[in-house]
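A.B. asks: All I have is the shape, not the residue letters:
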Ligand code: NCD
């Protein structure tokens, strides 16, 4: 059974993920065949944070399935500007639409929204936490090129701390016996709960600081933007930006069948000369996002219409200032055990801190 909402791709089992990838692959071969699959259905896109690809690819996906879309891309043009809570907005919009896609700057916002939604909700990015539909996009792209998503050496470079696409992709690929090479400064390394997960998965992992030295052994290089909007100050951001820049010179050291991915937008971390290299797949990857989201919307609208709930135990309010519970005060605190931690650790059920 599919979960009612898609907050974290880890909630799907391997067969369900494979089903979505296969359907996306089929759609990619003949998208017109799927026109009408969601006729009469409405997707609402609620974007509390800027987006180009994610929002437009969701809208394109629904239109290509024969459905329709409503929504906002600036919450200040909605009743949010009058002080409406997330819970109330979600209650209302989920009464208008058949499925929601929501992006929000606070971690755990999608989980919070799912508690009040009358229809399925898809997490289109919740702060620096997760971005499951980008992961589906990444998997469709990797699968399309490599014909597998296992046994690969995958380099992830840049802002591994705040990059939600990295967290979601690691959560997914660590189930498939891949080797990871994490390339970052010490300040921008992975969050602890992801490190715990990696350790429990038994995947081989290397943690390095040099992209140049790491690149020769990689099958996949996943470049990321330094997430300026998640830094406490401009000064801290300035110290981290442009540490890692992929250029034609570094590409000379890479395997002939390396694939370079990036969720985009790029700032300066990949020079424009790399775009001409046939191994640079990030624009193709962005196009795959439509097929991945078409497949996901179809599957979720076929699924059981259950109800989302909290499963943890209650406790004090989460101390992460970026957790959705820090601004939406009516949300009940809830904690679950980190199954991967070696010492007993409780994680906030919304943001996983
Ligand atoms: C990413 C995001 O929003 O997390 N973009 C996207 O959805 N394709 C990556 C980023 O903003 O750096």
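C.D. replies: Everything's here; your move. Remember, predicted model here, so these are calculated numbers, not experimental data.
A.B. asks: Report the buried residues of stretch 141-156.
C.D. replies: For stretch 141-156, a neighbour-count test (16 or more other CB atoms under 10 Å) marks 141-145, 149, 152-156 as buried. All C-beta atoms are positioned from the backbone trio N, CA, C, and that covers glycine.
A.B. asks: Quick check: the spatially most central residue of the chain vs residue 191, distance?
C.D. replies: Residue closest to the average C-alpha location in the chain (CA atoms, centre = their mean): residue 131, at 1.6 Å. According to CB to CB, to the nearest Å, residue 131 and residue 191 sit 14 Å apart.
A.B. asks: now swap in residue 276 and tell me
C.D. replies: 35 Å.
A.B. asks: and those two? which has more neighbours close in?
C.D. replies: Between residue 276 and residue 191, residue 191 has the larger neighbour count (other CB atoms under 10 Å), namely 17 against 8.
A.B. asks: Would you check that the more buried one makes contact with residue 163?
C.D. replies: No: using CB atoms under 8 Å, residue 191 makes no contact with residue 163, being 10.3 Å away.
A.B. asks: Residue 338: neighbour count?
C.D. replies: Neighbours of residue 338 using other CB under 10 Å come to 18.
A.B. asks: hang on, isn't it packed against residue 196?
C.D. replies: Yes: with contact defined as CB under 8 Å, residue 338 counts as touching residue 196 (5.9 Å).
A.B. asks: Centre of the chain to stretch 148-156, how far?
C.D. replies: In terms of CA atoms, centre = their mean, to the nearest Å, the centre of stretch 148-156 is found 17 Å from the chain centre.
A.B. asks: is the ligand contacted by that stretch?
C.D. replies: No: figure legend: stretch 148-156 not in contact with the ligand (CB under 6 Å from any ligand atom); closest approach 12.7 Å.
A.B. asks: I'd like the numbering to begin with 2 instead of 1 from here.
C.D. replies: Sure, I'll start numbering at 2, so the last one becomes stretch 149-157.
A.B. asks: For that stretch, give me every contacting residue.
C.D. replies: Contacting residues not belonging to stretch 149-157 are listed as 22, 140, 143-144, 147, 167, 170-171, 174, 177-184, 212, 215-216, 218-223, 225 [CB atoms under 8 Å, 6 or more residues apart in numbering].
A.B. asks: mean confidence for it?
C.D. replies: Average pLDDT, stretch 149-157: 96.
A.B. asks: And that stretch, end to end?
C.D. replies: 18 Å (CA to CA, to the nearest Å).
A.B. asks: What is the nearest of the buried residues of stretch 142-157 to residue 102?
C.D. replies: Distance to residue 102 across the buried residues of stretch 142-157 (CB to CB) is lowest for residue 142, with 19.7 Å.
A.B. asks: The host helix or strand of residue 182 pairs with which strands, parallel or anti?
C.D. replies: Using DSSP states H and E, the element containing residue 182 is strand 180-184. In the sheet, strand 180-184 lines up against strand 154-158 (parallel), strand 206-209 (parallel) (DSSP bridges).
A.B. asks: Tell me if residue 194 really is in a helix.
C.D. replies: Yes: secondary structure of residue 194 (DSSP: H, G, I helix; E, B strand; the rest coil): part of a helix.
A.B. asks: Just give the nearest non-adjacent residue to it, would you?
C.D. replies: Residue nearest to residue 194 in three dimensions, not counting chain neighbours: residue 353, with 5.2 Å by CB to CB, 6 or more residues apart in numbering.
A.B. asks: Now do that neighbour against residue 324, distance only.
C.D. replies: 9 Å.
A.B. asks: what does residue 164 give?
C.D. replies: For residue 164, the distance to residue 324 - CB to CB - is 18 Å.
A.B. asks: Output the strands paired with strand 180-184 as a markdown table; include the columns distance to residue 98.
C.D. replies: Shown next, in a markdown table, are those (distance: least, CB to CB, whole Å):
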| stretch | distance to residue 98 |
| --- | --- |
| strand 154-158 | 34 |
| strand 206-209 | 41 |
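A.B. asks: okay, now residue 239: neighbour count?
C.D. replies: 12.
A.B. asks: before we move on, what about residue 272?
C.D. replies: 15.
A.B. asks: contacting residues for residue 98?
C.D. replies: 43-45, 71, 120.
A.B. asks: try it again with 10 Å
C.D. replies: 42-47, 68-72, 118-122 (CB atoms under 10 Å, 6 or more residues apart in numbering).
A.B. asks: Residue 159 too?
C.D. replies: 167, 184-186, 189, 212, 223-228, 241-242, 244-245, 247, 263, 270.
A.B. asks: again, 8 Å this time
C.D. replies: With CB under 8 Å, 6+ apart, residue 159 has these contacts: 167, 184-185, 189, 224-227, 245, 270.
A.B. asks: before we move on, what about residue 345?
C.D. replies: residue 338.
A.B. asks: Nearest to the ligand among the contacts of residue 98?
C.D. replies: Closest to the ligand out of the contacts of residue 98 is residue 46 (12.8 Å), distances taken as CB to the nearest ligand atom.
A.B. asks: phi, psi of the closest one?
C.D. replies: Per-residue torsions, residue 46: phi -110, psi 120 (degrees, to the nearest 10).
A.B. asks: sorry, back to before: okay, residue 353 and residue 324: which has more neighbours?
C.D. replies: Shown here are residue 353 and residue 324; by other CB under 10 Å, residue 324 has more neighbours (26 against 23).
A.B. asks: And the helix of greatest length in the chain, what's buried?
C.D. replies: Scanning the chain for the longest helix, with DSSP state H as the assignment, gives helix 283-303. Within helix 283-303, the residues that count as buried by 16+ other CB under 10 Å are 283, 286-287, 289-302.
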